[in-house]
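> generate coordinates for the sequence data below:
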Amino acid sequence: MDNDCLFCKIIAGDIPSNKVYEDEFVFAFRDINPQAPVHILVVPKAHIACAADIDGENSAYVAKCFEAIAKIAKAEGLDEGYRVVNNCGEAGGQTVMHLHFHIIGGEKLSPKIV
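Next up is the predicted model:
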């Protein structure tokens, strides 16, 4: 954990969130600025700054995130489809430097990515 990281503080319970899922490896909560009816952030409990920092030592956390994404999407009723988005680095639109995946759905999404 990184004591200065917003998402690490949310995982630790120091900052409140609208949690939708948690297990040993993953924490997921509703985005405070949703872009669709369903907009959930899925974060590994290990602090990984961004996708560029995934390696052999932490990649199991990424696999667990995607296992959780499938469970969350099913629980949210996203049977017709959804989008999973990851922004990497400031130029890629990442605003919190803790790896996270956006589950976006609940309506027909535009074919454009953003």
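
> give me the secondary structure label for the residue nearest in space to the middle of the chain.
Nearest to the centroid of the C-alpha atoms of the chain, with distances taken as Cα atoms, centre = their mean, sits residue 42, at 2.3 Å. Following DSSP: H, G, I helix; E, B strand; the rest coil, the label given to residue 42 is strand.

> which strand residues bridge it?
residue 28, residue 101 (DSSP bridges).

> surely it and residue 30 touch.
No - under the criterion of Cβ atoms under 8 Å, residue 42 is not in contact with residue 30, lying 11.1 Å apart. Where you see a C-beta, it was placed from the backbone N, CA and C, and this is true even at glycine.

> which residues sit against whichever helix or strand residue 66 is part of?
Taking DSSP states H and E as the definition, residue 66 sits inside helix 59-75. Under the criterion Cβ atoms under 8 Å, 6 or more residues apart in numbering, residues 20-21, 23, 25-26, 28, 40, 42-46, 48, 54, 82, 84, 99, 101, 103, 105 lie in contact with helix 59-75.

> do the same with stretch 40-49
1-2, 5, 7-8, 10-11, 20-21, 24-31, 54, 58, 61-62, 64-65, 68-69, 72, 76, 97-103.

> just the endpoints, please. Distance across that stretch?
Distance between the two ends of stretch 40-49: 19 Å, counting by Cα to Cα, to the nearest Å.

> equivalent analysis for stretch 89-101, please.
First-to-last residue span, stretch 89-101, Cα to Cα: 13 Å.

> just the strands in the protein please.
19-22, 26-30, 38-44, 82-85, 101-105 (DSSP state E).

> sorry, back to before: now the contacts of stretch 40-49: which count as buried?
Buried members of the contacts of stretch 40-49, counted by 16 or more other Cβ atoms under 10 Å: 5, 7-8, 10-11, 20-21, 25-29, 31, 54, 61-62, 64-65, 68-69, 72, 76, 97-103.
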